[in-house]
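Visitor: here's a sequence, model it:
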Amino acid sequence: MYRNENERLSDTIMGEAVIELLDESAPVTISSLLLKLQAFLIREENANKEKAIRRAIDEVKAATDRDSSLRQGGATLPNTVIRH
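Guide: The predicted structure is shown next:
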């Protein structure tokens, strides 16, 4: 369950980014997702949506940082799922 509307909007925008990547037959990777979200951010004029896009970017980066720190500690993550 979402704690607020901004969390819901952030997840919706992240989903839209993934759908656009799939529609383009592009690989869905952390890098491609971040690039797509950054493209959304450049085009966005609505302050609330801009905030939600920034939150989505931060969530992806945070998940990447967690994955990276776990790997450095010797843990292996064969199928990392981004959760927030």
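Visitor: what bits of the protein have low per-residue confidence?
Guide: 1-2, 67-84 (pLDDT under 70).
Visitor: what do you get if the cut-off is 80, keeping everything else the same?
Guide: 1-3, 66-84 (pLDDT under 80).
Visitor: which helix is the longest one in it?
Guide: In the chain, taking DSSP state H as the definition, the longest helix is helix 47-72.
Visitor: chain center to it, what's the gap?
Guide: Helix 47-72 sits 6 Å away from the centroid of its parent chain (CA atoms, centre = their mean, to the nearest Å).
Visitor: in that helix, what's buried?
Guide: 49, 52, 53, 55, 56, 57, 59, 60, 63, 64, 67 (16 or more other CB atoms under 10 Å). Heads up, the C-betas are built off the backbone N, CA and C, glycines and all.
Visitor: what about the closest residue to the fourth one other than its chain neighbours, which helix or strand?
Guide: In space, not counting the residues next to it along the chain, residue 55 is nearest to residue 10; the distance is 4.3 Å by CB to CB, 6 or more residues apart in numbering. Element membership for residue 10, per DSSP states H and E: helix 5-23.
Visitor: which elements pack onto that helix?
Guide: helix 30-43, helix 47-72 (3 or more CB pairs under 8 Å, 6 or more residues apart in numbering; DSSP states H and E).
Visitor: make a markdown table from these and add distance to residue 24 to it.
Guide: Output for those, formatted as a markdown table (distance: least, CB to CB, whole Å):
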| stretch | distance to residue 24 |
| --- | --- |
| helix 30-43 | 9 |
| helix 47-72 | 18 |
